[in-house]
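# Provide a 3D model corresponding to the input given below.
(2 chains)
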Amino acid sequence: MNLDSKIPEGPLAEKWTNYKAHQKLVNPANKRKINIIVVGTGLAGASAAASLGALGFKVDIFCIQDSPRRAHSIAAQGGINAAKNYQNDGDSIYRLFYDTIKGGDYRAREANVYRLAEVSNNIIDQCVAQGVPFARDYGGTLDNRSFGGAQVSRTFYARGQTGQQLLLGAYGALSREIARGTVTLHERHEMMDLVVVDGRARGIITRNLVNGEIERFAAHAVVLATGGYGNIYYLSTNAMNSNGSAAWQCHKKGALFANPCYVQIHPTCIPVHGDYQSKLTLMSESLRNDGRIWVPKKKEDAEAIRAKKLKPTDIAEEDRDYYLERRYPAFGNLVPRDVASRAAKERCDAGYGVGTGLAVYLDFADAIQRLGRDVVEQRYGNLFQMYQKITDDNPYETPMMIYPAIHYTMGGIWVDYELQTTIPGLFAAGEANFSDHGANRLGASALMQGLADGYFVLPYTMQNYLSDQIYVGKISADTPEFDKAEQDVRERINKLFEVGQKAAAGTTKTVDHFQKALGHIMWEYVGMARNTESLTTAKKLVCELEEEFWKEVSIPGKNEEMNPELEKGLRTADNFELARLMIQDALHREESCGGHFRTEHQTEDGETQRDDEHFMYVGAWEYQGHDVDEVMSKEDLHYEYIQIAKRNYK
Amino acid sequence: MNFTLHIWRQENARAKGHFETYKVQNISTECSFLEMLDILNESLLNDHIAHPVCFDNDCREGICGMCGLYINGRPHGNDDGITTCQLHMRKFNDGDDIWIEPWRAKPFPVIRDLVVDRTAFDKIIQAGGYISTTTGGVPDANSILIPKHKADMAMDAAACIGCGACVAACKNASAMLFVSAKVSHLALLPQGQVEAADRVRKMVCKMDELGFGSCTNTYACEAECPKQIKRQNIARLNRQWIGSGFGRDRKTE
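Have a look, this model is predicted:
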């Protein structure tokens, strides 16, 4: 397929301005005749729906939770980037753009990232106007802190709950539109399928999670803002209900899926402690501003700590290995996430890990001494409390133990400059699309991207698409395409129930059994380090597990009731297909870049080795049917305004 | 550790509910409360004894506000400043009996088992719990200075996660702490001043209309709030309410 990224003409800094000056618009009287569906109420979905509603469009918005305020954006802790340069430390739109491209290991699209950096400043203004209580200095101005991969302080924050406050801001704006009647909310509704009519996205099929009712919704355009697919690994920092199924349905209907193998593994999460564990908790990257990461220098010390014969506080300063400061003196503890994660794994694999052996220390003793306990508490109090509640350890007295965990997926539905997918009328925003982070996302950039897409990009670009849709009239949900889509959904549900009903008594297994097993395979073989052998093994194991799933999985009850096992079962069924695509993509990408680390392609000192000559492109995959390898199309990446370099944080 | 669980089972909103007793064994002290329920559900599924217990949960790190169980008579269980998902089994003794119920309040009808319908909270916010700005056309973020202590107080109030524990804890099922947190958050900021009087009037009226009870100042809400929202916010709401002319609609004057 020929992928047209529709990047506007002109110099980089003028592209977005030019686009806005020449795009087509919909007049106010016509806007209320146009229906838009937004799926997902996180930062991207809520901000898009609120902005489109305020413009006058008729919006239907859907979420799987009981309230739009619970979308997983709420859990983002550390902050949001913007190129305000309030700190006078040399920041600029160009520098934020440059850091993001470099942080993404030169695998993101220049024009999109520049636009992101450009609108970042508007986001902060918008959020402050909504009443987001960002941290402030004594003079009343906004405060900033630093995040990984940057040498400036450009991160705005609201204690350790920035995502919560930004989402509540967007939720407020959304609530206002709901009250005005421009937006209709459908909570506890899961998108089950996309309806395509004459090649255009025209609606969705949903399942009401309270009573199982299958419903149809028609619209002139659909926005997918359903987040990422990190839960394919079972254990991740994602919420329990986060899933990639809605995106996968769009993929099956013709939306290309880009760079599925780019997965972000966050370096600072609370380590795994048991097989009953349901999720991993993130400890914000902001902690790396003041916390120092170390393991013992001597193996025997590490062994003694693991055997609980020594405590971390017993290890003398000169016997500690602050390995990030040692390896990356320029960025120290604030190297990007992929680099920090790999470095932790390297130390643990070499036998220097603490705790169960798969953990390193994040130590605040220095910061407490330097700043005082009060200041540390003010900055990170809620994170310290969270840590203590989970682990029963007091991080003011003993260092935190952390280990990398799956956190974010840079890959996603392929979109052009307008955030439109390869299905006309279907747009993808936030984590659900692939566009801005390349092979690795910098900290505090997910919030920025979600809100940029929703507040400042889609309200413009969608009008360019919708301008000729005023001639189409109202879209009917009573057409053969909707009939078929609904029928397919019912069949999918029945098929899943039938597996357990047909299986011999005593042979059935639960959905969690399979999702845990799948997650284990993905983490073991398609996780932080990959190679041909591990990926080939993974492919075989996933296929075998999928076969078992379709013979043994048991779903209790019926469709016509609240049935969480059915919800999980449907998502796991999609995860098998997605897992195979991730493996296929990881296998084909014979280089290391960002979060995708192929052990065959590394430098002598263990850093990623890109192959720009052969792989400087976006790999976008097209679904060919169950069990059939997908076909890839390439979107070549051109860097006109950035000097390509080896990513160096030393 | 071993526990005897007494769990509220109710097939749907119209069905009659009852307590059902289950045993769980070999639970690790590191296990969270919801993970313990996961283990119970796995065993119910594997042994085909009963439909797994439905309970709301999502982020499992205490911020989304989705989970909320009434455990041994306390919303979010026997620990301070946490949600149900942050409660760990080390807080219990081996052999304990644990009673698990849904939130009980008229405006939060049960959907199934331990899952309740909290859309009433969304309706209160829709009544006015926001600052009316449309996208774009706003001043530079630093053009309005906000004293640090005011911003901090606004943040304290804004930390509410909308879980509903305050309502569940209140003998009158009053939503005053929830409503006052939002009223305070916005009233403390200069951006929220413009609509402050209207906001408090609309939100309080909506709260009453939805069937939440009156506040009789017992502060059970404050004691059980997982985000430790302070009762001072209720006092601030009352001041705002008085300032708004006891909730009179200014447009009709």
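# CA atoms for contacts and neighbours, from now on please.
Will do.
# Have a look at chain A and report its longest helix.
If you go by DSSP state H, chain A has its longest helix at helix A:564-588.
# got the buried residues for whatever helix or strand comes next after it?
The element immediately downstream of helix A:564-588 (helix or strand, assigned by DSSP states H and E) is helix A:612-615. Buried residues in helix A:612-615, counted by 16 or more other CA atoms under 10 Å in any protein chain shown: A:Phe615.
# same deal with stretch A:552-566?
A:Glu552, A:Val553, A:Ser554, A:Ile555, A:Pro556, A:Asn559, A:Glu561, A:Met562, A:Asn563, A:Pro564, A:Glu565, A:Leu566.
# So which of the residues you listed reach chain B?
Restricting those to those within reach of chain B (CA under 8 Å from any CA of the partner chain) leaves A:Pro556, A:Met562, A:Asn563, A:Pro564.
# Closest to A:Lys58 out of those residues?
Nearest to A:Lys58 among these: A:Met562, at 29.1 Å, using CA to CA.
# got the contact list for the nearest residue to the closest one once chain neighbours are set aside?
Nearest non-adjacent residue to A:Met562, counting by CA to CA, 6 or more residues apart in numbering or on different chains: A:Val210, 4.7 Å away. Contacts for A:Val210 (CA atoms under 8 Å, 6 or more residues apart in numbering or on different chains) come out as A:Arg188, A:Glu561, A:Met562, B:Ile111.
# Please apply the same query to B:Gly68.
The contact partners of B:Gly68, taken as CA under 8 Å, 6+ apart, are B:Asp56, B:Asn57, B:Pro75, B:His76, B:Thr83, B:Thr84, B:Pro102, B:Trp103, B:Cys163, B:Gly164, B:Ala165.
# gap between the last one and B:Glu35?
Between B:Ala165 and B:Glu35 the distance, using CA to CA, to the nearest Å, works out to 20 Å.
# Who has more neighbours out of these two?
More crowded of B:Ala165 and B:Glu35, by other CA atoms under 10 Å in any protein chain shown: B:Ala165, with 31 against 20.
# Show me the shaky parts of the stretch 251-400 of chain A.
Along the stretch 251-400 of chain A, no part satisfies pLDDT under 70.
# Any idea which residue of the stretch 1-150 of chain B lies closest to chain A?
B:Cys59 (3.9 Å; CA to the nearest CA).
# So A:Arg647, which state does it fall into?
The three-state label given to A:Arg647 by DSSP: H, G, I helix; E, B strand; the rest coil is coil.
# confidence score at it?
pLDDT recorded at A:Arg647 is 85.
# and B:Thr29, that one's in a strand?
No. Counting by three-state DSSP, B:Thr29 is not found in a strand; it is coil.
# Residues of the stretch 101-250 of chain B that sit close to chain A?
B:111-112, B:117-119, B:122, B:125-136, B:138-142, B:145-148, B:151-152, B:154-155, B:158-159, B:186, B:189, B:191-192.
# out of those residues, which are buried?
B:111-112, B:117-118, B:122, B:125-135, B:141-142, B:145-146, B:148, B:151-152, B:154-155, B:158-159, B:186, B:189, B:191-192.
# just for the stretch 501-650 of chain A, where's the confidence low?
Ranges of the stretch 501-650 of chain A meeting pLDDT under 70: none found.
# buried residues in the longest helix of chain A?
Under 16+ other CA under 10 Å, the buried positions of helix A:564-588 are A:564-587.
# okay, the contacts of A:Val210 in TSV with secondary structure next?
Below are the contacts of A:Val210 laid out as TSV (three-state DSSP):
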residue	secondary structure
A:Arg188	coil
A:Glu561	coil
A:Met562	coil
B:Ile111	strand
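# Show me which pair in those is furthest apart.
A:Arg188 and A:Glu561 (12.4 Å).
# hmm, back to that, nearest to A:Gly450, of the contacts of A:Val210?
Among the contacts of A:Val210, A:Arg188 lies closest to A:Gly450 (CA to CA), at 21.7 Å.
# ok now stretch A:597-610, how far from the chain's centre?
24 Å (CA atoms, centre = their mean, to the nearest Å).
# Residues of the stretch 51-200 of chain A that sit close to chain B?
A:51, A:54, A:65-67, A:69-72, A:74-75, A:122, A:124-126, A:128-131, A:133-142, A:158, A:161, A:164-165, A:169, A:172-173, A:175-176, A:178-179.
# Separate out the buried members of these.
A:51, A:54, A:65-67, A:69-72, A:74-75, A:122, A:124-126, A:128-131, A:133-136, A:140-142, A:158, A:161, A:164-165, A:169, A:172-173, A:175-176, A:178-179.
# With adjacent residues omitted, what lies nearest to whichever residue of chain A sits closest to chain B?
Across chain A, no residue is closer to chain B than A:Ala239, which sits at 3.9 Å (CA to the nearest CA). Counting by CA to CA, 6+ apart, A:Ala239 lies nearest to B:Cys59, which is 3.9 Å off, once chain neighbours are set aside.
# how about that neighbour, what does it touch?
Counting by CA under 8 Å, 6+ apart, B:Cys59 has contacts A:His72, A:Ala75, A:Asn238, A:Ala239, A:Met240, A:Asn241, B:Met66.
# A:Ala71 versus that one, what's the distance?
9 Å.
# care to break the chain down by domain?
As the question left the chain open, I've gone with chain A. A:268-405, A:484-615 (automatic domain parsing).
# Can you look at chain B instead?
Following automatic domain parsing, one gets these domains for chain B: B:3-111, B:118-252.
# May I see those domains arranged in TSV, with distance to A:Thr461 as well?
Output for the domains of chain B, formatted as TSV (distance: least, CA to CA, whole Å):
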stretch	distance to A:Thr461
domain B:3-111	31
domain B:118-252	15
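# so can I have a markdown table of the ones you listed showing mean pLDDT?
A markdown table is the format used below for the domains of chain B (pLDDT from 0 to 100):
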| stretch | mean pLDDT |
| --- | --- |
| domain B:3-111 | 96 |
| domain B:118-252 | 95 |
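# tell me which residues form a beta bridge with A:Ser633?
Counting by DSSP bridges, A:Ser633 forms beta bridges with A:Ala620.
# hang on, it packs against A:Asp585?
No. Using CA atoms under 8 Å, A:Ser633 is not in contact with A:Asp585, being 11.6 Å away.
# Narrow the residues of the stretch 101-250 of chain B next to chain A to those in helices?
B:119, B:122, B:125-126, B:148, B:151-152, B:154-155, B:158, B:186, B:191-192.
# Max pairwise distance over those: which two?
Largest pairwise distance in those, by CA to CA, is 33.6 Å, between B:Thr119 and B:Lys148.
# okay, which residue is most central for chain A?
A:Tyr408 (3.7 Å; CA atoms, centre = their mean).
# Tell me which helix or strand A:Tyr641 sits in.
Per DSSP H and E, A:Tyr641 falls between elements, in no helix or strand.
# quick one, what contacts it?
A:Leu12, A:Glu110.
# Next: B:Leu188.
So B:Leu188 contacts B:Lys150, B:Ala151, B:Met153, B:Ala154 (CA under 8 Å, 6+ apart).
# Could you single out the nearest of those to A:Lys58?
When the contacts of B:Leu188 are compared for distance to A:Lys58 (CA to CA), B:Ala154 wins out at 33.1 Å.
# Excluding sequence neighbours, find me the nearest residue to the closest one.
B:His185 (4.3 Å).
# In TSV, list the contacts of B:Leu188 along with distance to A:Arg492.
Listed next are the contacts of B:Leu188 as TSV, based on distance: CA to CA, whole Å:
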residue	distance to A:Arg492
B:Lys150	54
B:Ala151	51
B:Met153	51
B:Ala154	48
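# circling back to that earlier point, among the ones next to chain B among the buried residues of stretch A:552-566, which pair sits farthest apart?
Of all pairs in these, the most separated under CA to CA is A:Pro556 and A:Met562 at 11.1 Å.
# In the stretch 251-400 of chain A, what residue spans correspond to strands?
A:257-258, A:263-269, A:292-296, A:320-321, A:360-363, A:400-409 (DSSP state E, counting those that start in this stretch).
# just these: most buried one?
strand A:257-258 (a mean of 30; mean count of other CA atoms under 10 Å in any protein chain shown).
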